[in-house]
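Student: coordinates for the following, if possible.
(2 chains)
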Amino acid sequence: MSKAIKYYYDFLSQPSRALWIGMKLSKTPFEDCPVALRKQEQLTDEYRNINRFQKVPAIVDGKFQLGESVSIVRYLADKGFFSEQLYPKSLEDRARVDEFLEWQHFNVRLTCATFFSKVWLLPAKGLAPAPKPEVVKKLIKDVEGNLGLLERLWLEKDFLVGDKLTVADIFGASEITQMTVPVQCKRKQFPKVAKWLERVRETTNPYHDEAHSFLYKVAKQAASAKN
Amino acid sequence: MTSPIRYYYDLMSQPSRALFIIFRLSNMPFEDCVVALRNGDHLTEDFKQQINRFQRVPCIHDNGYKLAESVAILRYLSAKGKIPEHLYPKYFVDQSRVDEFLEWQHMSLRLTCAMYFRTVWLEPLLTGRTPSEAKIESFRMHMERNLDVVEEVWLEGKDFLTGSTLTVADIFAACEIEQTRMADYDVRIKYPKIRAWLKRVRQSCNPYYDVAHEFVYKISGTGPQAKL
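Tutor: Below is the predicted model of the structure:
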């Protein structure tokens, strides 16, 4: 019997959470290999031998090493280790999920990650001063531009690509949930997004809450540090 | 009888150039649907409703099926058997190595090259304002951090990004890097491996490489081999 795939991740990283939830739902057999980003474990020489880009998530399957969450999903799917419902086999459905996974990088992902890092993470860790109010306003505007696109272009149905949950939803929601606070304030402005986030959470629980518990704690700490 | 794929693109856009070269190398017949970004053709209501809801290029229509995002398009056409296996491997282990690059590039190489290009070339053109030296320097630093990774990690001991032969990963990356010529950046000075690799990519992709980059050569005032 071959050894289980080793999964290197940290719940502080949104693609790490998304992939973890996807693998749990798919019952992918994997060995848990947490990498503590807060201790900069990803920058050690030892970890460089695992992922030459020194990022999480990454997998090692026997001798094969692979980084980048989306390529990992595709690799696992081709090995038969990923749920076909989450990453469809049929050509057109798969292309539609791929379309979202590619689209998100420069849209939902870039704007949400920039917001999270500049407004929460860096100030909370004392690595940068809290941004000026006009900067925060601009960052929120960028995020909202993309929430608007989700609301108008992607959420015609219950999920991003049709009536059922796919990895597109897990990846998309993971970016947005990271900024829990601002989105919750905007329920009226983005009603479909708000309902969809709830739906994704319900559909992916208990894994969703487990993957996010650490983040909620960090966000809380950041909020109380501010007050 | 099915009609050929309709390809909507503008050679001003770097993923459009990459797909154009890939389609030509693949001998894939397609219907040429040029979208003039400079005239705002992509911003019309008609384009949004009929062609691509994201109002961007590139995108395709395949007998009524609409698809955007260059990498998604590539995978779709590969699954349909339109892209030769040497450009995008079918064996999943080899394919995932190419995928790893295609995913890696977005937030690293692509983002920082595009930001540098925008700051130095596009924004001054649109606003009439010149960016400060400090601003240019900061964008250059971010871009070079990723060019370092291409030089030292991706091109380490290999002729091409994912092995000894050309794949779509090289074509996407080269199109991104070539664009910085227009912002008067010469990647060849600091990066000998990238320099030699760009030559190999161009050779492997010509004549289509030069056709796709005609505009880049013209704007930057440099031929493919010239120093800037």
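
Student: how is chain A carved up into domains?
Tutor: Split into domains by automatic domain parsing, chain A comes to A:5-78, A:91-226.

Student: can you list those domains in TSV and add distance to residue B:46, mean pLDDT and mean neighbour count?
Tutor: C-beta here means a position set from N, CA and C on the backbone, and glycine is covered the same way. Shown next, in TSV, are those (distance: least, Cβ to Cβ, whole Å; pLDDT from 0 to 100; neighbours: other Cβ atoms under 10 Å in any protein chain shown):
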stretch	distance to residue B:46	mean pLDDT	mean neighbour count
domain A:5-78	32	96	19
domain A:91-226	16	88	17
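
Student: of the ones you listed, which is nearest residue B:10?
Tutor: domain A:91-226 (17.5 Å; Cβ to Cβ).

Student: end to end, how far does stretch A:24-32 reach?
Tutor: 11 Å (Cα to Cα, to the nearest Å).

Student: around chain B, which positions in chain A sit nearby?
Tutor: Residues of chain A found near chain B (Cβ under 8 Å from any Cβ of the partner chain) are A:52-53, A:64, A:66-72, A:74-75, A:78-79, A:91-92, A:94-96, A:98-99, A:101-103, A:105-106, A:109-110, A:149, A:153.

Student: what are the ranges of the strands in chain B?
Tutor: For chain B, the strands defined by DSSP state E cover B:5-9, B:30-34, B:59-62, B:65-68.

Student: which of the residues of chain A next to chain B fall in strands?
Tutor: A:64, A:66-67.

Student: closest one of those to residue B:125?
Tutor: Closest approach to residue B:125 among those (Cβ to Cβ): residue A:67, at 36.4 Å.

Student: residues contacting the closest residue to residue A:93 other than its chain neighbours?
Tutor: In space, and not counting its chain neighbours, residue A:93 is closest to residue A:161: 6.9 Å by Cβ to Cβ, 6 or more residues apart in numbering or on different chains. Shown in contact with residue A:161 (Cβ atoms under 8 Å, 6 or more residues apart in numbering or on different chains): A:93, A:96-97, A:100, A:168-169.

Student: quick one: the helices in chain A, in order.
Tutor: A:14-26, A:45-48, A:69-78, A:91-104, A:110-115, A:122-124, A:133-149, A:167-177, A:180-185, A:191-204, A:207-226 (DSSP state H).

Student: what's the neighbour count on residue B:205?
Tutor: 23 (other Cβ atoms under 10 Å in any protein chain shown).

Student: ok so, going back, right, so the strands of chain B: which one is the most enclosed?
Tutor: The highest average neighbour count among the strands of chain B, using mean count of other Cβ atoms under 10 Å in any protein chain shown, belongs to strand B:59-62 at a mean of 24.

Student: report the rounded mean pLDDT for that one.
Tutor: Mean pLDDT, strand B:59-62: 98.

Student: before we move on, what about stretch B:154-167?
Tutor: pLDDT averaged over stretch B:154-167 gives 97.

Student: residues in contact with it?
Tutor: So stretch B:154-167 is contacted by B:86-89, B:94, B:97-98, B:100-101, B:150, B:169-170, B:173, B:193-194, B:197, B:200-201, B:204-205 (Cβ under 8 Å, 6+ apart).

Student: generate a PyMOL selection restricted to the buried entries among the residues you listed.
Tutor: Filtering the contacts of stretch B:154-167 down to the buried ones (16 or more other Cβ atoms under 10 Å in any protein chain shown) takes a single PyMOL command:
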select buried, chain B and resi 87+88+89+97+98+100+101+150+169+170+173+193+194+197+201+204+205
